[in-house]
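Participant: Generate a structure from the sequence data that follows.
(4 chains)
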There are 2 protein chains.
Amino acid sequence: MVEDEVRLADTVRRGLTDAGFVVEVVHNGEDAVWAASESAYDVIVLDIMLPKLNGYKVLEELRRRGVWTPVLMLTAKDGEHDQTDAFDLGADDYLTKPFSFLVLVARLRALIRRGGPERPVVLMAGDLSLDPARKRVERAGQEIALTPREYGLLEFLMRHRGDTVTKTEILESVWDPAFDGDPNVVEVYVRYLRLKLDAPFNRHAIETVRGMGYRLAADGG
Amino acid sequence: MVEDEVRLADTVRRGLTDAGFVVEVVHNGEDAVWAASESAYDVIVLDIMLPKLNGYKVLEELRRRGVWTPVLMLTAKDGEHDQTDAFDLGADDYLTKPFSFLVLVARLRALIRRGGPERPVVLMAGDLSLDPARKRVERAGQEIALTPREYGLLEFLMRHRGDTVTKTEILESVWDPAFDGDPNVVEVYVRYLRLKLDAPFNRHAIETVRGMGYRLAADGG
DNA sequence: CCAAGAGCTGAGAAGTCGCTGAGTCGGCGT
DNA sequence: ACGCCGACTCAGCGACTTCTCAGCTCTTGG
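Facilitator: Take a look at the predicted model:
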C-alpha cells in the first residue's frame, strides 16, 4: 500500500490486517517503485497524490519495468476523466476517497482472485522484437542472447524507438540516475548490441546521431 | 515554483501545500534551471518577471536541455500576444496575475494528470518541421540531417519564426551568453542551414534583414 | 557612380566526438 | 582455487564539427 497520509494509511492497514491481509506500507512514490520491484505482492493499493513520484508515474514506471502486479488506485477526485486515465495507464481498479472499507476489501479480493492482467504487448521495430515479460529478443525469428545490461539498453531504446535519446538519458535510465563513471560505457554497449543485432543481419537498427545521442530506427533499420 | 516576490511565493506555497502538493520554491531564473534539471518535478510554476534569467529564457533553456516537465506560466500582463508567446516556447498552460487560487490548483492538477506522454508541439513553418523531442527536422516529408549547432540555430529561428532576430540574440541563445569569438560564425551557420534546407528545395526560408539580423519566414519561404 | 559597410563564401586549422580493441576487475559456478 | 563471463575503463585513431580568416559580392548612401 502506497499512501502518504499517515493517519489514513494506518487506519486502512489495521483494517486490512484484520480482514486477513498481510500489509506493507510505504509513504512515497520512490519507495513504492522500489518495493514493488523487489518483492512479489498479490496486489498494490496506490494513492494518486504522493510525494516524490505521483501515483500515475509510479504505475507507469512499474509497468515499464515489467511489474504486472494488479494495482488499485485511490484518488480524491471522482471525475469520469480520472477514472479512464487510471485505466489507460494499466490500473486494474479504482476507488474514490472517501471510500467504504468493505468495498475496498471486496475489490482487493476480486483483484487477487482474477490474478494478473494480460501480458504487456511485445515491443516491435521492424523484424526486431523484444518481449519484456519473457526477456526475450528476436530478430527475423531468431532468438538473440543478451546480457542483462545489453537487454536493459535495448529495451530502453525500443521504448523510445524513433526518438533520439542522449547518452545522459540512457545512463540515467539504464544505469543509475547517480551513475558517476565513464559515459563511454554507453558507446561500448551500443557496440555490443550492434555486434549481436545488426552485424549478423547486415542491418543498422541503432543509428548514431552525432553530438546528440542514439536512435533506434522505428522500422528496425 | 519559480517566483521572486517573496510574499506571493509564500502565500501560494502554503496554499498548494494545503491542497496536498509538495512544493519547492526558488527565486530566480538560474536556480530554476538548475533545480528543474536536477530533480524530476511533476509540474513547474514559472513567473515571467524574474531576476537573472526571465521566465521565457528559463523555459527555452529547459526545453533545450530536454526537460519536458509541464510548465504553467504566470504573468502580470494579459495581452493575447503574451499568451501565444508562452505557448510557442513550450509552456503547457498560462495564468494572468491576479489569479484565483482555485483555478491555479485545478490547472496544476490537469497538467499533472496529462503528465509525461504529452509531447511538445512539433514546430512548423510551411513544409518545414522540427520535432524537439525526436530532434528531427523534415522538409517536404524528407528528413534532414543537421549537426548539433545547426539544429540549435534552426530551433531558435523556428521558435521565433516570423520575427527578426539579431545576431547578438542568436549568439547569446544558441552559442553562449558569454560568447567571445567572431560573430561571423552566425553567418557561417546560416549558410550551412541554407545549403541543407533551402538550396535542395529551391526555397529561402531564412531571410537576411540587412543591418538587423535574420528572420525565418513563418510560411517556410 | 563610387566608397564603405554588411553579409557571403571557400578553405583550412583546431578541437571534439564516437568507435574500437585490449585489458582490468569482481562475482559465480565448478 | 580456478576459469569464465559480464561490466566496465582506457587510450589512440579517424572522422566529423566547429570556428576562424581573408577575400569577395552585394547593397546603400552620398
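Participant: Count the neighbours of the residue in chain A that chain B sits nearest to for me.
Facilitator: Closest residue of chain A to chain B, Cβ to the nearest Cβ: residue A:211 (3.7 Å). Bear in mind the C-beta positions are built from the backbone N, C-alpha and C, glycine included. Each residue near residue A:211 was counted by other Cβ atoms under 10 Å in any protein chain shown, and the total is 14.
Participant: In chain A, what residue spans correspond to strands?
Facilitator: A:44-47, A:71-75, A:93-96, A:123-125, A:128-131, A:136-139, A:142-144, A:164-165, A:206-209, A:213-216 (DSSP state E).
Participant: and of the ones you listed, who's closest to DNA strand C?
Facilitator: Within the strands of chain A, the stretch nearest DNA strand C is strand A:206-209; the backing value is 3.8 Å (Cβ to the nearest atom of the strand).
Participant: strand partners of that closest one, parallel vs antiparallel please.
Facilitator: strand A:213-216 (antiparallel) (DSSP bridges).
Participant: What are the buried residues along the strand it pairs with?
Facilitator: A:213-216 (16 or more other Cβ atoms under 10 Å in any protein chain shown).
Participant: and which of these is nearest residue A:63?
Facilitator: Ranked by distance to residue A:63 (Cβ to Cβ), the buried residues of strand A:213-216 are led by residue A:216 at 19.8 Å.
Participant: How about the closest one: what's its closest non-neighbour residue?
Facilitator: residue A:157 (4.1 Å; Cβ to Cβ, 6 or more residues apart in numbering or on different chains).
Participant: Looking at the buried residues of strand A:213-216, spot the one nearest residue A:144.
Facilitator: For the buried residues of strand A:213-216, the nearest to residue A:144 is residue A:216 (14.5 Å; Cβ to Cβ).
Participant: JSON lines please, covering the buried residues of strand A:213-216 and showing pLDDT.
Facilitator: Shown next, in JSON lines, are the buried residues of strand A:213-216 (pLDDT from 0 to 100):
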{"residue": "A:213", "pLDDT": "94"}
{"residue": "A:214", "pLDDT": "96"}
{"residue": "A:215", "pLDDT": "94"}
{"residue": "A:216", "pLDDT": "95"}
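Participant: Report the two of those residues separated the most.
Facilitator: A:213 and A:216 (10.9 Å).
Participant: Leaving aside the residues adjacent along the chain, what's closest to residue A:126?
Facilitator: Nearest to residue A:126 is residue A:220, by Cβ to Cβ, 6+ apart, at 2.0 Å.
Participant: Oops, could you answer that again for residue A:166 instead?
Facilitator: residue A:213 (4.0 Å).
Participant: contacting residues around that neighbour?
Facilitator: Residue A:213 sits next to A:164-167, A:169-170 when contact means Cβ atoms under 8 Å, 6 or more residues apart in numbering or on different chains.
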